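Engineer: Make a model of this:
(one chain, ligands or ions: 1)
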Amino acid sequence: MNLENKTVLVTGGAIRVGRAICEALAREGCRVVIHCNRSVREARSLAARLRRGGTPAWVVTGDFRTAEACERVMARAFQAAGTMDILINNAAVFHKQTLMTASDADLCAEWEVNLAAPLRLIRAFARRVRRGKIINILDRRIASCRPDAVPYTLSKRMLAELTLLAALELAPAITVNGVAPGAVLAADRKGSVREKAGRFLLQQRPAVADVAHAIVFLLQCDSITGQIVYVDSGQHLLGSDG
Ligand SMILES: NC(=O)c1ccc[n+]([C@@H]2O[C@H](COP(=O)([O-])OP(=O)(O)OC[C@H]3O[C@@H](n4cnc5c(N)ncnc54)[C@H](OP(=O)(O)O)[C@@H]3O)[C@@H](O)[C@H]2O)c1
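Structural biologist: Numbers count the residues shown, from 1 in each chain. This is a model prediction of the structure:
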């Protein structure tokens, strides 16, 4: 797909990894719909900056903890931009909770945003487009067995499975791929609590820019669907040692 003038919805696009994805796709010529929940100020400022650079950009807001909000966000994104070619399911929550420390409410909260929302958005997108591309942002944790973030890891593993199932069901009109980053940014937004990133086979932390590169590549390539690309400096090969 030539990305010039294609319209993309990036969920959780206002800050951190989502913002890098919006910026990278804008550089490729995409029109960008930035979804945000709490980061409204950051989303508006990013949209203004993209527009100043010549990229049509819009902001849609919504809390993905309900099905209605997912449908509303997709409807508003179409309303704003008039059309949509690409959906990037990037929004997620991450908590360090073990099997025994996570409450039922914790489990539901994580699954609602990390799994149910992408599923609902995929359906809402697929109902509206004739052709399109979807990227689900996963996590290299889907390949390792670390018990420190059980609800999160389960949600991302199920999202990886959904990526393959959706690729099968939505072909040939829509391609569905996953990008699984390693620890590109510390979990805490202020950076004060740095997550233990573990060992990297390539002896360097994976870069946010490389996550965006992988997304651009998967979107440009029309022969790939049902693929999961790890952008984790090889950490998925190290299993629970990574
Ligand atoms: N950071 C890493 O090193 C890393 C590593 C592996 C995988 N990943 C994956 O990469 C993606 C981006 O990572 P990140 O660290 O940039 O994520 P993040 O900052 O923790 O969250 C991304 C966005 O998700 C949105 N979000 C959270 N709860 C929401 C809700 N209830 N409704 C709607 N939106 C909600 C937030 O939007 P608002 O700010 O607008 O509220 C937030 O900006 C995630 O899927 C993550 O799992 C990240």
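Engineer: For the chain, what lies in contact range of the ligand?
Structural biologist: For the chain, the residues in contact with the ligand (Cβ under 6 Å from any ligand atom) are 12, 14-18, 36-39, 63-65, 90-94, 113, 137, 139, 181, 183-185. Every C-beta, even on glycine, is put in place using the N, C-alpha and C of the backbone.
Engineer: From those residues, keep the buried residues only.
Structural biologist: Buried members of the residues of the chain next to the ligand, counted by 16 or more other Cβ atoms under 10 Å: 12, 14-18, 36-37, 39, 64, 90-94, 113, 137, 139, 181, 183-185.
Engineer: Enumerate every residue touching the nearest residue to residue 11 once chain neighbours are set aside.
Structural biologist: Nearest residue to residue 11, sequence neighbours excluded (Cβ to Cβ, 6 or more residues apart in numbering): residue 91, at 3.9 Å. Residues in contact with residue 91, defined by Cβ atoms under 8 Å, 6 or more residues apart in numbering, are 11, 12, 18, 35, 37, 64, 113, 117.
Engineer: Output these as TSV; include the columns secondary structure.
Structural biologist: TSV is the format used below for those (DSSP: H, G, I helix; E, B strand; the rest coil):
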residue	secondary structure
11	coil
12	coil
18	helix
35	strand
37	coil
64	coil
113	helix
117	helix
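Engineer: Make a markdown table from the residues you listed and add pLDDT to it.
Structural biologist: Below are the contacts of residue 91 laid out as a markdown table (pLDDT from 0 to 100):
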| residue | pLDDT |
| --- | --- |
| 11 | 99 |
| 12 | 98 |
| 18 | 98 |
| 35 | 98 |
| 37 | 98 |
| 64 | 98 |
| 113 | 98 |
| 117 | 98 |
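Engineer: Find the residue ranges of the protein scoring beneath the pLDDT cut-off.
Structural biologist: Applying pLDDT under 70 to the chain flags the ranges 188-196, 241-242.
Engineer: Using the three-state scheme, assign the residue nearest to residue 11.
Structural biologist: The three-state assignment at residue 91 reads coil, by three-state DSSP.
Engineer: which element follows the longest strand seen in the chain toward the C-terminus?
Structural biologist: Secondary structure assigned by DSSP state E gives strand 174-181 as the longest strand of the chain. Of the helices and strands lying after strand 174-181 in sequence (DSSP states H and E), the nearest is helix 208-220.
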